[in-house]
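[1] Next comes the sequence, and after it the predicted model I'd like to discuss.
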Amino acid sequence: MNVRDKEVQAEVIARVLDNAMTLPGLRPKIGLDPVIGLFPIVGDTMATIGGAAILVVARQLQVPWEVQLRMAYNLLKNGLIGAIPLLGDFYSFVFKSHQLNAALLVRSIKRGEDGHCDLLTRPLSFRDITVLALLLLPTILLVSVAGVWFWNHDISLLDLLYPTPYQSRGN
């Protein structure tokens, strides 16, 4: 597969997660990330896994390490803040970390280290897979744990929309 195909793949993933559709009457677009983020635990975890695919493409295209770490930080921040009910979904809607990560990827590819860009991608090596696992698995795990924590503390969209009636300690 050539480099441009991989760039397009990252851009499509970012568009689906951040700008998939336009809401009637609103100018900004909304993607799947803030929408599926409304579902406790699973939604933010799935959005983080989807965004992780952009990092896989970045690794395959040999994007510089500092850019990959910045992309991983954006993904972690979006996932952890995204786990906060409503506020996190609003943050995901505004911040659009997947679009930012795709832009970082494309910008670093076009710039290149010596001013040129390889035409073909290379397959992921065992080292690449190990590095990606070390970057992404803790991120996905932290996002899941944050979602479980909010859920266990009765902080969810359902609790905000439908609060339980007050009950005394004696009942």
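    Thanks, I have the structure now.
[2] could you pull out the helices for the chain?
    Under the criterion DSSP state H, the chain carries helices at the ranges 3-18, 32-36, 42-60, 65-82, 87-95, 97-111, 126-152, 157-161.
[3] quick check: mean pLDDT across the last one?
    Throughout helix 157-161, pLDDT has a mean value of 69.
[4] what does the third one give?
    Computed over helix 42-60, the mean pLDDT rounds to 94.
[5] what's the answer for the fourth one, then?
    When pLDDT is averaged along helix 65-82, the result is 94.
[6] That one packs against which elements?
    Counting by 3 or more Cβ pairs under 8 Å, 6 or more residues apart in numbering; DSSP states H and E, the packing neighbours recorded for helix 65-82 are helix 32-36, helix 42-60, helix 87-95, helix 97-111, helix 126-152. In short, each C-beta sits where N, CA and C put it, glycine included.
[7] what's the closest of the helices of the chain to residue 24?
    Taking Cβ to Cβ as the measure, those were each checked against residue 24, and helix 32-36 came out nearest at 14.9 Å.
[8] Show the average pLDDT along the closest one.
    The predicted model gives helix 32-36 an average pLDDT of 93.
[9] hang on, the earlier thing: pipe the helices and strands packed on helix 65-82 into a markdown table and attach mean neighbour count and distance to residue 2 per row.
    Supplementary listing: the helices and strands packed on helix 65-82 in a markdown table, determined by neighbours: other Cβ atoms under 10 Å; distance: least, Cβ to Cβ, whole Å:
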| stretch | mean neighbour count | distance to residue 2 |
| --- | --- | --- |
| helix 32-36 | 22 | 27 |
| helix 42-60 | 22 | 12 |
| helix 87-95 | 19 | 31 |
| helix 97-111 | 20 | 11 |
| helix 126-152 | 15 | 18 |
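[10] and those as CSV, adding distance to residue 77?
    What follows is the helices and strands packed on helix 65-82, written out as CSV (distance: least, Cβ to Cβ, whole Å):
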stretch, distance to residue 77
helix 32-36, 13
helix 42-60, 11
helix 87-95, 8
helix 97-111, 7
helix 126-152, 10
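[11] so which of the ones you listed gets nearest residue 3?
    Using Cβ to Cβ as the criterion, the shortest distance between residue 3 and those is 6.4 Å, found for helix 97-111.
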